[in-house]
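S.K.: Need a 3D model of the following:
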Amino acid sequence: MNIDKFDIIKEAVFINAKLPALPKRPRKNLFDILKIQHREIRNSNILAYFFDPNEEHGFGTLFYDSLQEIASQKITALKKSHPEIEFNDISFFDELVKVRTEEQTTGAKTKTKSIDIVLEGDAWVIGIENKIHHDLANPLNTYW
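M.R.: From the prediction side, this is the model:
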């Protein structure tokens, strides 16, 4: 069998044209630079810093306001697809008062657990369980 070098190149170009483009490598973010992209507690500490309007970052309530807006949009969509479920409307949650990480559960009938990030207002609490390459297998009833 006599295969011409030109035929091989032509076939390679043809195959390459059929393949999808390779994904572009995403730009590095702060977590990548610090090499903590897979460390939940460290990620939670950084996120909590930005959620706290009293920290020195100068963003004020931008992160909490963004969470509130995105969650409200998602809840609106979920209400349409799951009308049988009652959802809290967090768009009415007032000012963010406290931000904590690794908050220990108290008064639970099971062993003490930690919630990654807790955002607290005067009459509401949002618990954030930060998951990186892991399934949600936390005791949500204990957290509640």
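
S.K.: now the strands for this protein?
M.R.: Counting by DSSP state E, the chain has strands at residues 98-104, 114-120, 125-128.

S.K.: Okay, buried residues for the lengthiest helix in the chain please.
M.R.: The residue-count maximum for a helix in the chain (DSSP state H) belongs to helix 62-81. For helix 62-81, burial by neighbour count (16 or more other Cβ atoms under 10 Å) applies to Phe63, Tyr64, Leu67, Gln68, Ala71, Ser72, Ile75. Just so you know, the C-beta spots here come from the backbone N, C-alpha and C atoms, and that holds for glycine as well.

S.K.: about what we covered before: highest average neighbour count across the strands of the chain?
M.R.: strand 114-120 (a mean of 19; mean count of other Cβ atoms under 10 Å).

S.K.: angle of that strand against strand 98-104?
M.R.: Strand 114-120 and strand 98-104 meet at an angle of 160 degrees, taking axes from the mean of the first three to the mean of the last three Cα atoms, to 10 degrees as the criterion.

S.K.: ok so, going back, output the contacting helices and strands for the longest helix of the chain.
M.R.: Judged by 3 or more Cβ pairs under 8 Å, 6 or more residues apart in numbering; DSSP states H and E, helix 62-81 is in contact with helix 40-51.
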